[in-house]
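*Asks:* Below is the sequence, then the predicted model.
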Amino acid sequence: MFRILEKTTNVAVVKTLLVLAFLALGGYYFWIKREEILALEWPSAFALFVVAAAYVVNIALRAAYNLITARHLGARISMGESFMLSAVVAAGNFLLPVKAGAGLRALYMKKVHDFPVSHFASSSMVFMVITMFVVSVFALLLVVLIYTQTGYFRLDLSILFPIVTIVMVASVITLRPSWRSTSDESWLAAFRGSLFSILRQRSLIAMSLVIAGLVFVSSSVAWTVAIREFAPGTLSLEAFLVAASQIISGFITLTPGAMGFQELAGLYVGRSFEASSAEIFAALVWVRLVRVAVSIVIAAPSAFVLRSRTSELDRDEVAAS
């Protein structure tokens, strides 16, 4: 037990140090670029609406995926409930460490719907793999299209995105022996069983691919509008590429909301754009602030409603005992 506590403490310390390091780097970058950044105009109300609406759509799309997989695995959950859970997850992941928002959803599903944590883990893994696969393929296509329009070829990105795609596909293929039946009742066996219960359903996988594609489209629209507010000359294809980098780096859970990692990924991808690094940085920070605000606004009432449902269950359990 002490070893587990020690490991948990060490991880928390590392994550805290990462957050502080990224905040320090962001503050230093703002300081050296302050004149250029402060000279930028504030985004329009239209841009604010589009970025906020696109993020709400993303939450709804993730809620739809969670609804479909949860029902497939036996949970009786409504779309409204799934949306509220996704909103709480989004806010939790932004504000709490170790991707705690996902943990809150897992605990809620276990308590209210008797949905095993192994089922939650497997459905989350499938979404991550499918999303990264779809976005990586789109990103590779974007690199080619940008080359045909500008003549500038990003060799690093043309190598990076196929590697991400291969790794994602390989992560599922390596689990293929789990297709065989097993009498092992361990958590890992339950995880594998639910994982391949999802993967066996072609219609479910097709729907997941569509949802992942729509997540990329909605994110691309938001990033196109946001970046063009700060750098009007940016190509749509370049903004789409930033969107791809943000989705993929968003799965890095070493900091709340992948803070720092997404900004680094956006700056790295955008270094070949005509937009300056200060303009890209300003867009990245502004979009993060808008998304945090939107997630809090939606999550606050959602958390209240979901909490009332768990409270009812607690009262019923007390009355039954």
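*Replies:* Thanks, I have the structure now.
*Asks:* Return the backbone torsion pair for Val305.
*Replies:* Dihedral pair for Val305: phi -70, psi -50, per degrees, to the nearest 10.
*Asks:* That one: what's it in contact with?
*Replies:* Going by C-beta atoms under 8 Å, 6 or more residues apart in numbering, Val305 touches Met84. To be clear about C-beta, it is placed using only N, CA and C from the backbone, and glycine gets the same treatment.
*Asks:* where's it relative to Ser311, distance?
*Replies:* 11 Å (C-beta to C-beta, to the nearest Å).
*Asks:* do the same with Val126
*Replies:* Where Ser311 is concerned, Val126 sits at a distance of 32 Å (C-beta to C-beta).
*Asks:* Tell me which of those two has more neighbours.
*Replies:* Val126 (21 against 10; other C-beta atoms under 10 Å).
*Asks:* Using the three-state scheme, assign that one.
*Replies:* helix (DSSP: H, G, I helix; E, B strand; the rest coil).
*Asks:* quick one, what contacts the residue nearest to it when sequence neighbours are not counted?
*Replies:* In space, and not counting its chain neighbours, Val126 is closest to Ile198: 5.2 Å by C-beta to C-beta, 6 or more residues apart in numbering. Residues near Ile198 by C-beta under 8 Å, 6+ apart: 69, 72-73, 122-123, 126, 204-205.
*Asks:* Next, give me the two most distant ones among those.
*Replies:* Greatest spacing in those, by C-beta to C-beta: Leu73 and Ile205 (14.3 Å).
*Asks:* Share the number of residues neighbouring Ala70, please.
*Replies:* Here the count is done by other C-beta under 10 Å, and Ala70 has 21 residues near it.
*Asks:* gap between the residue nearest to it when sequence neighbours are not counted and Gly92?
*Replies:* Excluding the flanking residues, the one nearest Ala70 by C-beta to C-beta, 6+ apart is Ile77, at 5.2 Å. Distance of Ile77 to Gly92, given as C-beta to C-beta: 18 Å.
*Asks:* Show me which of these two is the more surrounded one.
*Replies:* Higher neighbour count among Ile77 and Gly92: Gly92, with 22 against 17, using other C-beta under 10 Å.
*Asks:* Quick check: Ile298 touching Ile59?
*Replies:* Yes. Counting by C-beta atoms under 8 Å, Ile298 does reach Ile59; the two are 7.0 Å apart.
*Asks:* who's more crowded, the two?
*Replies:* Taking other C-beta under 10 Å, Ile298 and Ile59 do not tie; Ile59 has more neighbours (25 against 21).
*Asks:* where does that one fall, phi/psi-wise?
*Replies:* The phi/psi pair for Ile59 (degrees, to the nearest 10) is phi -60, psi -40.
*Asks:* rewinding a little: quick one, which of Leu73 and Ile205 is more surrounded?
*Replies:* Neighbours per residue, other C-beta under 10 Å: of Leu73 and Ile205, the larger number sits with Leu73, 20 against 14.
*Asks:* And for the more buried one, nearest residue in space, chain neighbours not counted?
*Replies:* Nearest one to Leu73, counting by C-beta to C-beta, 6+ apart, is His119 at 4.7 Å.
*Asks:* pLDDT of the helix or strand containing the one you found, averaged?
*Replies:* According to DSSP states H and E, His119 maps onto helix 117-150. In this model, helix 117-150 has a mean pLDDT of 87.
*Asks:* Distance from the chain centre to that helix, please.
*Replies:* Its chain's C-alpha centre and that of helix 117-150 lie 11 Å apart, by C-alpha atoms, centre = their mean, to the nearest Å.
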